[in-house]
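In: Sequence and computational prediction follow.
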Amino acid sequence: MSIRANPWLDYWTAFSPRYAWLSLMLCALAPNSMRAQALEFERRIAPFPVTSSAGDELEFPFLGGFNAPRPQFVDIDGDADLDLFVQEENATLSRPGRLIFFENTGDAAGFRFEYRSDAYRGLDVGNWYRFIDYDGDGDQDLFSEAPFAFVRYWQNVGDSTTPEFRMAADSLRDTNGDLVNFDVGSLPDLADIDCDGDFDLLVGRAAAGTITLYEGLGLDSGGVPSFEEIPGNFQDISIIGEGAPSSSFETGPDFFGSAQEAGRHPFSSLAAAAHGSNSLTIVDIDDDADPDIFWGDLFEPSVVYLRNSGTCVQPNITIQAREFPQAQPLLSSGFNAPRFADIDGDGDNDMFIAVLGGAFSTVSHLVENFLFYRNVGSAARPEFQLQETRLLRMLDIGSNTIPALVDIDADGDRDLFVGNEISADNQNTGRLVFYENTGSPESALLSRANDDVLGAELGFNLAPAFVDIDADGDFDLFTGEWNGKLNFHENTGSRLAADFKPAEPVMAEVDGQVKEVDVGNNNAPAFADIDNDGDFDLVCGEFLGNLNFYENVGSATAPTFVFRTKDFADIRFGLYSVPRFGDVDSDGDLDLFVGSQDDGMRFYRNLGSAANARFEQDSLGIKVLERSATALADLDADGDLDLLSGSAKGGLLFFENRRFVTSVQPTATVPTGFELLGNFPNPFNAETQIVFILPQAGIVNLRIYDLAGRTVRSFRESKQTGTHTIAWDGMGDAGRVVASGVYFYRIQVGRFEKSGRMLLLK
């Protein structure tokens, strides 16, 4: 089926004033407690189980994804096990560098990380940080970046169990009065490199591939670290990388393979030698009482190992190996940041490598980028075995995710589809990944079921939108692309088993001509009956932040789109706008959420009506990640819309709607009477939840009637005391989709009986 111009209007358009009036009436009947309330969302990392394609449960499903994690393991709370910090978001002038904190609730021998905060202590660490007990008082102090590439020092004025950080120096200066600096993009390290009892600062120089030593002189009279820059190239070290890869390079199955298996490494046809941004790690890897150095470089697919064959006082540091671990070297996209910690308490150093992404690929590292190697050897003769390619397992499919929630299999719960920018194994296209909800409306369980729903190369930045555009009772699929185009995938299967046809371009009348819908770049479609005439209109976000409005002047079964404006509701902000509609305040009209690249997510409340929308920005109060993109659905069957947000990091954030949950959930006391809280959403397209409170257990009888008084659907369920929902999916008792229109429902429990009405729009 293609969507193109159609000259006639059907029944729903002809009678749109009638349904506008009904919608206004429904709005008036909505409980006052559920209209015009402030939104209240709570972020949750693991609100319900999510499993991988192998069936393994993800510990941190809605953490948001990692593209370039920068970790450090340190006992920050003095309980004798190593906690974990990760810096993921790049700091900018408007966005501070935050630390994600995971507490180790296991012990020294068996780690178990639990998420605690995505902004530890509110610290701004720029784009580099290092915890270390610099003043020797038994607790961890902190060094970090001060914009841009200077060194800031935070003194721990708390203690080893309850740290409290005070900025003691905004930008450190050396003994000559010059600012201590490192190269933008590089990650220095602190260690007692000369064994004189204080910590030195080693800085890798991206422009030369060398190391500058700032010798530590302890604390000055003001309690601020003092450093002396040592002229020249430390130990005459020069890291010259392998050079940039050929343009024909593609990530293959040997991405994390060994050098021997890959014939040294898969990056053939290398250009001139080069060096670039780097990461330094200083550790005594061979337990000989002197520090060695590990170097990750933008132009190195592995890690360079520099061994100290001298002594601690008189070091002799030279390149021992350009690929590490030597038995099975890591070969990645480059710029690897190794970190060492005795995570299992057996007396030797285990290894963790964060793949920050170098010159060899821009996408192959975006998911499997936090590797854990257990040391199965000894402290003196380490032998590293790869255990995990993702230490913290979460829902992560690469970058720039756009979610959609829809009951695609008509089993009463919402399934999840996620589009992304580009796939790691095929760099010519994005992917649409499917997570089936194998749980229930009240208790979701998302299982990764299909890594490539469409199985076709459509392009980059796939933005999915599901809607029954032809009113045949099943959900069709639309996908926006980076090139600004919009594709239509007709569902030729059924409500129970979707089968999407190959993509066809969506056509619309623009300036008197019928042509493909094209918004320039990064089309992000959303469908809503914004004028309440019984059919779905189209609003498309885009790269420049506009909202392009295409009115459906056709019908529910034969849509005809006409371009009206690129400034829908006079809303434009940020870049990469992604609109989503939903009646979040349950007042009978559609509200609007808009995600963006750097400007967060905005909520526009509809203060007009279902037929005449009037959007005004309202408070949302949630922190999202870069490239946010919303999906709205009631995932816990409590009668309100929860929120998923996409991310540039390749994952999703989940926000539970707490405002209306609070208003309908049972309190500690038994409800004093039977209450019908209405149905949500209303009007609705595919499914609505009828919410009620029982003062005592009983048999619930629910009947749904059409305007003629005929019973179209009946339910009989046993319920306990408390708040409950019954979902109606628009199907009759005969198993067929009912027609659009007004329906009444009557709910009866013992001697209690109440009624309501709702509007079904197809």
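Out: Great, that's in hand. Numbers count the residues shown, from 1 in each chain.
In: Low-confidence bits of the protein, can you list those?
Out: For the chain, the stretches with pLDDT under 70 are 1-37, 241-273, 659-673, 762.
In: which residue ranges form the strands in the stretch 51-200 of the chain?
Out: Counting by DSSP state E, counting those that start in this stretch, the stretch 51-200 of the chain has strands at residues 70-74, 83-87, 100-104, 113-117, 129-132, 141-146, 150-156, 165-169, 189-191, 200-205.
In: Export the second one to CSV, keeping only CA atoms.
Out: Extracted C-alpha coordinates of strand 83-87, given in CSV (Å, rounded to 0.1, in the frame of the first residue of the first chain):
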residue,chain,number,x,y,z
ASP,A,83,33.9,0.6,44.0
LEU,A,84,33.6,1.8,40.4
PHE,A,85,33.4,5.3,38.8
VAL,A,86,32.7,5.8,35.1
GLN,A,87,32.9,9.1,33.2
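In: So which residues make contact with it?
Out: For strand 83-87, contacts defined as CB atoms under 8 Å, 6 or more residues apart in numbering pick out 66, 69-77, 97-104, 113, 120, 125, 127-129, 131, 392. Quick note: C-beta positions are derived from backbone N, CA and C, even for glycine.
In: thinking again about what came up before, do you know which of the strands of the stretch 51-200 of the chain lies nearest residue 222?
Out: Evaluated with CB to CB, the strands of the stretch 51-200 of the chain place strand 165-169 nearest to residue 222, the distance being 7.7 Å.
In: Identify the residues contacting that closest one?
Out: Residues outside strand 165-169 that contact it (CB under 8 Å, 6+ apart): 121, 123, 141-142, 152-158, 222-225.
In: angle of it against strand 141-146?
Out: 60 degrees (axes from the mean of the first three to the mean of the last three CA atoms, to 10 degrees).
In: Number of residues surrounding residue 598?
Out: Neighbour count for residue 598, taken as other CB atoms under 10 Å: 14.
In: quick one, helices of the stretch 601-750 of the chain?
Out: 659-664 (DSSP state H, counting those that start in this stretch).
In: again, but for the stretch 151-300 of the chain
Out: In the stretch 151-300 of the chain, helices defined by DSSP H, counting those that start in this stretch lie at 259-262, listed in chain order.
In: and residue 655, what is it in contact with?
Out: 41-44, 622, 642-645.
In: on that earlier part again, between the contacts of strand 165-169, which is closest to residue 384?
Out: Nearest member of these to residue 384, counting by CB to CB, is residue 142, at 28.5 Å.
In: Report the beta-bridge partner residues of the nearest residue to that closest one once chain neighbours are set aside.
Out: Using CB to CB, 6 or more residues apart in numbering and skipping the chain neighbours, the partner closest in space to residue 142 is residue 154 (4.0 Å). Beta-bridge pairing for residue 154 (DSSP bridges): residue 142, residue 167.
In: Please shift the residue numbers so they start at 54 in all later answers.
Out: With 54 as the first residue, the last one maps to residue 207.
In: Residue 207: what's it in contact with?
Out: Contacts of residue 207 by CB under 8 Å, 6+ apart are 176, 194-197, 218-221.
In: Next, find the distance separating it from residue 789.
Out: As for residue 207, its distance to residue 789 is 66 Å (criterion: CB to CB, to the nearest Å).
In: now do residue 160
Out: For residue 160, the distance to residue 789 (CB to CB) stands at 59 Å.
In: Would you format the contacts of residue 207 as CSV with neighbour count and distance to residue 248 included?
Out: Output for these, formatted as CSV (neighbours: other CB atoms under 10 Å; distance: CB to CB, whole Å):
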residue, neighbour count, distance to residue 248
176, 20, 30
194, 23, 20
195, 25, 23
196, 25, 20
197, 24, 26
218, 20, 28
219, 12, 29
220, 14, 30
221, 21, 25
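In: Of the residues you listed, which is the nearest to residue 467?
Out: Of these, the one sitting nearest to residue 467 (CB to CB) turns out to be residue 176, at 37.1 Å.
In: so that closest one touches residue 197, yeah?
Out: Yes - contact criterion CB atoms under 8 Å: residue 176 and residue 197 qualify, at 7.4 Å.
In: which ones are touching residue 506?
Out: Residue 506 neighbours (CB under 8 Å, 6+ apart): 470, 485-487, 553.
In: End to end on stretch 752-766, go ahead and measure it.
Out: Stretch 752-766 has its terminal residues 17 Å apart, counting by CA to CA, to the nearest Å.
In: And the contacts of that stretch?
Out: With contacts defined as CB under 8 Å, 6+ apart, stretch 752-766 is touched by 743, 745, 747, 767-772, 777, 779, 781, 784-786, 791, 794-803.
In: Please repeat the previous calculation with a cut-off of 10 Å.
Out: With contact meaning CB atoms under 10 Å, 6 or more residues apart in numbering, stretch 752-766 is reached by 743, 745, 747, 767-772, 777, 779, 781-787, 789, 791-792, 794-803, 805-806, 808, 810-811, 813.
In: all strands for the stretch 554-703 of the chain, in order.
Out: Shown for the stretch 554-703 of the chain, the strands assigned by DSSP E, counting those that start in this stretch span residues 557-558, 560-563, 566-569, 577-581, 590-594, 600-605, 614-618, 631-635, 644-648, 654-659, 668-671, 683-686, 695-699.
In: for the third one, packing partners?
Out: This points to strand 566-569. strand 557-558, strand 560-563, strand 614-618 (3 or more CB pairs under 10 Å, 6 or more residues apart in numbering; DSSP states H and E).
In: Could you check these and tell me which one is nearest residue 530?
Out: strand 557-558 (11.2 Å).
In: same for the closest one, what does it pack against?
Out: strand 539-542, strand 566-569.
In: got the residue ranges for the strands in the stretch 254-403 of the chain?
Out: Using DSSP E, counting those that start in this stretch, strands in the stretch 254-403 of the chain cover 263-272, 278-283, 331-336, 345-350, 356-361, 370-374, 389-394, 403-408.
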